[in-house]
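Novice: coords please:
(chains A, B, C and D, ligands or ions: 8)
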There are 4 protein chains.
Amino acid sequence: MASKVIKGGTVVTADLTYRADVRIDGGRIIEIGPDLSGDEVLDATGCYVMPGGIDPHVHLEMPFMGTYSADDFESGTRAALAGGTTMVVDFCLPSPGQSLLEALTMWDNKSTRANCDYSFHMAITWWGEQVFNDMEAVVRDKGINSFKHFMAYKGALMVDDDEMFASFQRCAELGALPMVHAENGDVVAQLQAKLMAEGNDGPEAHAYSRPAEVEGEATNRAIMIADMAGVPLYVVHTSCEQAHEAIRRAKQNGIRCYGEPLIQHLTLDESEYRHPDWDHAARRVMSPPFRNKKHQDSLWAGLQAGTLQVVATDHCAFTTEQKRTGLGDFTKIPNGTGGLEDRMPMLWTHGVATGRLTMNEFVAVTSTNIAKILNMYPKKGAILVGADADLVVWDPEKEKTISAATQQSAIDYNVFEGKAVKGLPRFTLTRGEVAIDDGAVKTREGHGKFVARQPFQAV
Amino acid sequence: MASKVIKGGTVVTADLTYRADVRIDGGRIIEIGPDLSGDEVLDATGCYVMPGGIDPHVHLEMPFMGTYSADDFESGTRAALAGGTTMVVDFCLPSPGQSLLEALTMWDNKSTRANCDYSFHMAITWWGEQVFNDMEAVVRDKGINSFKHFMAYKGALMVDDDEMFASFQRCAELGALPMVHAENGDVVAQLQAKLMAEGNDGPEAHAYSRPAEVEGEATNRAIMIADMAGVPLYVVHTSCEQAHEAIRRAKQNGIRCYGEPLIQHLTLDESEYRHPDWDHAARRVMSPPFRNKKHQDSLWAGLQAGTLQVVATDHCAFTTEQKRTGLGDFTKIPNGTGGLEDRMPMLWTHGVATGRLTMNEFVAVTSTNIAKILNMYPKKGAILVGADADLVVWDPEKEKTISAATQQSAIDYNVFEGKAVKGLPRFTLTRGEVAIDDGAVKTREGHGKFVARQPFQAV
Amino acid sequence: MASKVIKGGTVVTADLTYRADVRIDGGRIIEIGPDLSGDEVLDATGCYVMPGGIDPHVHLEMPFMGTYSADDFESGTRAALAGGTTMVVDFCLPSPGQSLLEALTMWDNKSTRANCDYSFHMAITWWGEQVFNDMEAVVRDKGINSFKHFMAYKGALMVDDDEMFASFQRCAELGALPMVHAENGDVVAQLQAKLMAEGNDGPEAHAYSRPAEVEGEATNRAIMIADMAGVPLYVVHTSCEQAHEAIRRAKQNGIRCYGEPLIQHLTLDESEYRHPDWDHAARRVMSPPFRNKKHQDSLWAGLQAGTLQVVATDHCAFTTEQKRTGLGDFTKIPNGTGGLEDRMPMLWTHGVATGRLTMNEFVAVTSTNIAKILNMYPKKGAILVGADADLVVWDPEKEKTISAATQQSAIDYNVFEGKAVKGLPRFTLTRGEVAIDDGAVKTREGHGKFVARQPFQAV
Amino acid sequence: MASKVIKGGTVVTADLTYRADVRIDGGRIIEIGPDLSGDEVLDATGCYVMPGGIDPHVHLEMPFMGTYSADDFESGTRAALAGGTTMVVDFCLPSPGQSLLEALTMWDNKSTRANCDYSFHMAITWWGEQVFNDMEAVVRDKGINSFKHFMAYKGALMVDDDEMFASFQRCAELGALPMVHAENGDVVAQLQAKLMAEGNDGPEAHAYSRPAEVEGEATNRAIMIADMAGVPLYVVHTSCEQAHEAIRRAKQNGIRCYGEPLIQHLTLDESEYRHPDWDHAARRVMSPPFRNKKHQDSLWAGLQAGTLQVVATDHCAFTTEQKRTGLGDFTKIPNGTGGLEDRMPMLWTHGVATGRLTMNEFVAVTSTNIAKILNMYPKKGAILVGADADLVVWDPEKEKTISAATQQSAIDYNVFEGKAVKGLPRFTLTRGEVAIDDGAVKTREGHGKFVARQPFQAV
Ligand SMILES: [Zn+2]
Ligand SMILES: [Zn+2]
Ligand SMILES: [Zn+2]
Ligand SMILES: [Zn+2]
Ligand SMILES: [Zn+2]
Ligand SMILES: [Zn+2]
Ligand SMILES: [Zn+2]
Ligand SMILES: [Zn+2]
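Specialist: Ligands and ions are numbered 1, 2, ... in the order given. Okay, here's the model as predicted:
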């Protein structure tokens, strides 16, 4: 393979900003320094050379009511690369009673078409001796060190406190990281039923059925259970001050926990659900729902202060057609929005350009912190000799207006439609291959490989 | 009935301190003012005339593993009166599947021997249409406006979030007040099993199995559920900073909720469980367990600041013999301690005499606030014309050392054994009858009557 | 004097709601009960009979740049009575170097025209041996037990930390209550200069020069200094979450402190300063300035939770003509607004009618808590036999639209202009005399008397 | 100069842990990788190769009452190197009225004897046009980008809010970082006078005169002033929960601020001042004084959570003889303790070995964070090619008991006397020169150079 040099740019990592060229060979960074040369030159003049983004929370080709979420590993990772993201972490979701290993085989099969590297979290959707035993195999043999628990979606994915505590203790034994979707599923289910009974069947009722209070409560509960199990905790899609407050309070008590705001919650608000067009509102249905400005302020401050560590998307794209399953019953609207292509430009535009975040913090929350928390640093998330050449050459002057018409995602709309962004990839490289070349999509299906992640040391 | 006059004292209520005599007839206060006369005179010189104490949380003759807690309505209320408490509120505990009304009949039968007035909270120990319907009868016909929910005691009294939310919504409809025993029962049960499996079977393991974190979590959860149901919440035996913090935070969000420290948690600490004598430690086994000084400071500050409102005992007395059921298995030690006779003198000694609480605050937290919260003010908890003559004539100079040898309670020990108190009743009157006369016990079995409490208005 | 009976109403106090008539003679309440009769009957059918309001914070005929604030003790107390307030507490403001006693003589002279009772706080505007000595005379001989300290108004009323700590310690010795106007005067002065230098000379710059942060800081500082001096603290015009948070935090550390939101800050917001009409905006100039909704929510929750205790007005009325002194220089706009007539109807309308406060809480925060904190309970703030007959017969159905055209205040505008209120006095009585009779003003100049207030006991 | 290779160790930085050799030439790191060779080999088998410690807060040869603190730049930096610290930052303290530049010349003269690199913070001890102008020269020409402000030491170093706000605004203009010694100097001065007047003249009174409350207050005030000035803030010697809470609260409001616990406050407590030996207690006199366990817990949690960022010593060593100046008057005891040699071993022993901090966090708080905050990263605080070879080869198995008998510091005692530490330098290198060689001291006087630090970019 011929070597490449990214020339003339400014390297920006989570803790450094400096002028240097980056030489790549064999999919890895082999040299960083001034005046490098190679077989191929990528001009980074006026650009920042950053670790490619990592999205720790996506659902590609996720099974849903006999069908699948619209973006599969091919279109999803293509969208990711187009936006400067070079790795995604998906969730393997066993059916009730299904072996974790069997489920993993299904996910392995889906992911063969990926354009960029990926990894998996394993979900604990039921509990029993088999799950207990499978967890060890998953950690020891399958390169997965993180287990997701749903505190909502009653009757489907939800586990109760008893199961969650058992699983968290198992995580502690195995050196694995528990994760939670934190909403009180019992309360949500009753609020849903009540709203439907009152004739509130539209998408706005989705938001009413999942207030910030139920998320704050569940976050607080999961943290306590993790603390009792002696294991850190990763809280996915932290969307509100209540959940963030629980995390801050825990940290001040010496507890290790992580919070993951989504780019959607940072930049969109609950007024979207009041849109007169059912389709407009339904397309924004996700859990937790969008919140108000007070919550957005809290999330931004958390990223600044370091009490929240990473920004994700929970990308789970359903077409308008699929969304319409929930016409007349908001509880049947498939939960999820897109975002993979837009996370980095939106965060740059609303975070870095506004002065909220430094460029180094941008890299930290989109890539480096994630790689560290998920135990794949510095293979991923770094610009270091030996690291994978997952890189984005970021042009801070490049602009566009986000639109479904020009996006990579398979769906027919974009929740950020019409938003102007400034700051976009000039090049995106996945293990040294140029996947995005000044707007031209050169992704290669099947190029992406699974990234095995080792268990953690006992703290 | 002949009239009585309490002469020469200083009336102390929750908001006033003034010199006045109090005239009583027909069980009620009929006049307050200077220089009153009556058929019988009680000399209050040098004393404070205060509303008799109300203990909102007792368990008399409580069924337990085929036997009963040792203090019944006779000995329990005798102990209460000896310590200046003139009313108790017990908990009616239906068995799983049992009708609330049937259970209430059982409790009515037990309470006929009471020496002072009493009322009941109804516990929701299971859920179903019958319970839903019975709740209305209990509120409308039976004079009970408060429903207790156990978030612990898994497999016995515990209800889950789903049941609790349903019940709280029912309370909102009926104008009733939900109450919770707040500990995460799932986590406690696993911690118990783990401790036993590790060979930790002694009373100290009881405390290890119920850390402050599990109480704080459950308190926070119950508050959220009450908030979603649109109903205030009463948290029984608030023992720790974590639970108190949840209450404070809720109040600052405009939520109405109440916290009830016990006199035990205010004055005794976890070191008791490290006592080498099994009996000593086992006698202190209650839930939540005693905590450390940090938690005590938090509770005292809460009483001062008004973020905690009332002081109770959770009096549930088991003999040493009964406690020994748990030899070799701490989970079988019956939970509960005494305190009815000691609550007022201990709180005066450690609260008023130390300057932490004013005398008016003492009255508020031992009596008036309770009467208001439980909706029986000013019949109870007041020194007003027309109010029940439940009074204590408090001698701030009277001293004793607490001892099982001299107590009214039927059990063979006292958790406050050896504590010196200064400030004791000279007289205790229950509806105008002198039950305690300078140390002499003149209680009359069966004198006590049930106090019906009306539902609340919608807020 | 002939006796009066208020018949047919519902008595509402800080802790009771009950049907009763109230009989008055000699300026005091002499009987409370059913079916009373007297020489004169005031029909309270459909009304609530409540303790008259007490405004703990007014400035009548306050000296200002060679002139005086427009409402003097006559018009000011007339406005008060028209709105159901039956007592005001003004501030005696010695000039630098002036004896406290000499200043008090000046205030005594002004207050002879009062239509209702009044008392004084003494301001500490400079420090020295004479002030130290005068403080004792003020407390022992002059019936004043509260001392105000300005942390802002640099170069005029402001005292520094050194003086404030000395004065607070003196308060502790004398059993007096220190009060603070809490804003960091150094920072405000520089912000003012900076804004003027930048050409921001309009009323909106007043708000920019006094952000919530400077109030929160000063509140926190004053609380610490009081704590070190071992004395409680009363924080006047608490207008923001930052100040409220400092108070809450202090209370949880066992510190006794009080916060006083103004009715203006509870119901008006900062958008007023953006009004295009200079006069409109300038009329709203007061310190602290109006805040945003977040701060309003915090204040309302504080009144509910009891972390804030009283509602005042800081009534200090300047005419539009006087306000125009500050044309071209916002720092010269006299600080102050009206409110005496509107406090009670506005609080009822926005507090009780909305469900935020109970009627009993309304009485507490407008009257009873104030009387207790300032040590004049139950002479004032109570409906008890023997208490002053300062009463308001409140008609919850009576409505009006607030307007300068119909107000008692001497000024030519009203900051609540156009606000509809429901809930107004049918009668207001000052020491038994009917001052307001269903809208008719029957105040009597010079009827008002000084209310002496005794020092506090050492805690 | 001959090249050196550190062989066989594990490189530990703030974000990486990996096996590698490190090659050094010309005082810099020139290569990092496996199997390196060089002219000289340092055996790092079993060791961690870490960035040398940076102490951001020392006072060497500090003028004091006509004499100087006992450790000068020679002995102080020798002690530093012996403990693994390779750079110190001292404070240039102008006298009142003295030009900043003139003072700097004095400090430049003292520092010529330094054994390791150093930099300066400039103190603002008075205010005026000259200071305003000198600040620019200091930043632009003298390589100093941080200005210290004393909120205590009234009548000596203290500046008031007005001066501090002016200076902070100047810092904002210049891209400089303001720092504060945060204690309320007015309150401290009066408490000191009061204690002396009461006959409390011993060292224990020092602690009574500077309670945590006065530190918390000043911290909160300085943060507000910095926020108003639009500049970040660095709070030196954060010793208590109150100060830490102010920092946490600020961060959650989006304010950038830093807190610096000292190793003394992390590991020693207030009981030291109750020691019967005057000398023992007086040797521990520093400001803020040692606190209790609650505060220690808060500081450790802050380091873990990232709400506190760095660990320093405030090394300012006075001999027992010098301390005795304060016999009979604790206010005259020179403030300061040692610590330079002990910071790293004590933090490792009590932080890393106990599981509170990871090794990477250890590097961050002792070195890398400091270098970043003070804008000298990655020249200092990094193990990167091109970085200064300020390195410590840390042997986690090496043990000793701290004792004055074996220390480098010039004073006759050590506040950590008798503490066992495990984890000590095998080698310490300053710009490539081995200063400490397995216990042997090979420092070279005058080797140390001033490190110029550029101003910050506007945020
Ligand atoms: Zn989710
Ligand atoms: Zn998801
Ligand atoms: Zn219980
Ligand atoms: Zn109980
Ligand atoms: Zn003011
Ligand atoms: Zn005022
Ligand atoms: Zn200092
Ligand atoms: Zn220092």
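Novice: mind listing the strands for the stretch 151-300 of chain A?
Specialist: Taking DSSP state E, counting those that start in this stretch as the criterion, the stretch 151-300 of chain A carries its strands at A:177-181, A:233-235, A:257-259.
Novice: looking at those strands, spot the one closest to A:Lys372.
Specialist: Checking the strands of the stretch 151-300 of chain A against A:Lys372 by C-beta to C-beta gives strand A:257-259 as the closest, at 10.1 Å. Any C-beta I mention is one placed from the backbone N, CA and C, and that applies to glycine too.
Novice: what lines up beside the closest one in the sheet?
Specialist: Based on DSSP bridges, the pairing partners of strand A:257-259 within the sheet are strand A:233-235 (parallel).
Novice: what parts of the stretch 251-400 of chain A come near chain C?
Specialist: Residues of the stretch 251-400 of chain A lying near chain C by C-beta under 8 Å from any C-beta of the partner chain: A:Lys294.
Novice: from the centroid of chain A, which residue is nearest?
Specialist: A:His57 (2.8 Å; C-alpha atoms, centre = their mean).
Novice: could you find the closest non-adjacent residue to it?
Specialist: Excluding the flanking residues, the one nearest A:His57 by C-beta to C-beta, 6 or more residues apart in numbering or on different chains is A:Ala312, at 3.8 Å.
Novice: who does that neighbour form a beta bridge with?
Specialist: Note on A:Ala312: beta-bridge partners by DSSP bridges are A:Leu262.
Novice: give the contact list for it.
Specialist: A:55-58, A:236-237, A:260-263, A:343 (C-beta atoms under 8 Å, 6 or more residues apart in numbering or on different chains).
Novice: next, format these as TSV and append pLDDT.
Specialist: Formatted as TSV, the contacts of A:Ala312 follow (pLDDT from 0 to 100):
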residue	pLDDT
A:Asp55	98
A:Pro56	98
A:His57	98
A:Val58	98
A:Val236	98
A:His237	98
A:Glu260	98
A:Pro261	98
A:Leu262	98
A:Ile263	98
A:Arg343	98
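Novice: pick the one among those residues closest to chain B.
Specialist: For the contacts of A:Ala312, the residue nearest chain B by C-beta to the nearest C-beta is A:His237; the value is 18.4 Å.
Novice: quick one, what contacts that closest one?
Specialist: A:57, A:181, A:260-262, A:265, A:287-288, A:312, A:314.
Novice: tell me which parts of the stretch 101-250 of chain A are close to chain D?
Specialist: Where the stretch 101-250 of chain A comes near chain D, counting by C-beta under 8 Å from any C-beta, the residues are A:Arg248.
Novice: okay, now the unreliable bits of the stretch 101-250 of chain A?
Specialist: Along the stretch 101-250 of chain A, no part satisfies pLDDT under 70.
Novice: which residues of it lie near chain B?
Specialist: A:160-162, A:165-166, A:169, A:184, A:186-187, A:189-191, A:211, A:213-214, A:216-217, A:220-221, A:224-225, A:227-228, A:245, A:249.
Novice: which non-adjacent residue is nearest A:Arg28?
Specialist: Computed as C-beta to C-beta, 6+ apart, the closest residue to A:Arg28 that is not its neighbour in sequence is A:Ala389, at 5.5 Å.
Novice: measure A:Gly175 to chain B for me?
Specialist: To chain B, A:Gly175 is 19 Å away according to C-beta to the nearest C-beta, to the nearest Å.
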